[in-house]
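Novice: Mind folding the following:
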Amino acid sequence: MSIPTLSPEQLSAARDAATRARRVRADFKAKVRAGDLSLSEALDEAAKDDVLAHVKVVDLLKALPRVGEKRAAEIMERLEIAPNRRIRGLGRHQIAGLRAEFDCHS
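Specialist: This is a model prediction of the structure:
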């Protein structure tokens, strides 16, 4: 099976859509970083939005105040979340674990 050839217009539309999606995800993480969204609220938003559901869990955790690379990795390992997992791929126990981890500290 070969990759379909796209017209210049289709390529341009795909590029524009990808750029918009990256901006939406960046804004989402910026809101978390600024404290405008709690982790729980962020998970709720991602559940309703396909673009946000593609954010990597590790990136969302690192956007939280006082969570860096090391703490994010420790939390993910403890909750048995794969390093490359996206929000959409989380199981309900993993989501509950993340909520418990951060909502009691808020």
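Novice: Nearest the middle, which residue of the chain would you pick?
Specialist: In the chain, the C-alpha nearest the mean C-alpha coordinate belongs to Val55, at 2.5 Å (C-alpha atoms, centre = their mean).
Novice: Would you mind confirming that it makes contact with Gly89?
Specialist: No - contact criterion C-beta atoms under 8 Å: Val55 and Gly89 do not qualify, at 11.0 Å. Using the backbone N, CA and C atoms, a C-beta is placed for each residue, glycine as well.
Novice: what stretches of the protein score poorly on pLDDT?
Specialist: Low-confidence segments of the chain (pLDDT under 70): 104-106.
Novice: So which residues of it form helices?
Specialist: Using DSSP state H, the helices of the chain run over residues 8-34, 39-48, 57-63, 69-78, 92-103.
Novice: Could I get these in TSV, plus columns for distance to Asn84 and mean neighbour count?
Specialist: Output for these, formatted as TSV (distance: least, C-beta to C-beta, whole Å; neighbours: other C-beta atoms under 10 Å):
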stretch	distance to Asn84	mean neighbour count
helix 8-34	16	13
helix 39-48	16	17
helix 57-63	8	21
helix 69-78	10	14
helix 92-103	14	15
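Novice: out of the ones you listed, nearest to Arg85?
Specialist: helix 57-63 (5.0 Å; C-beta to C-beta).
Novice: Report all helices and strands that that closest one contacts.
Specialist: If you count contacts as 3 or more C-beta pairs under 8 Å, 6 or more residues apart in numbering; DSSP states H and E, helix 57-63 packs onto helix 8-34, helix 39-48, helix 69-78.
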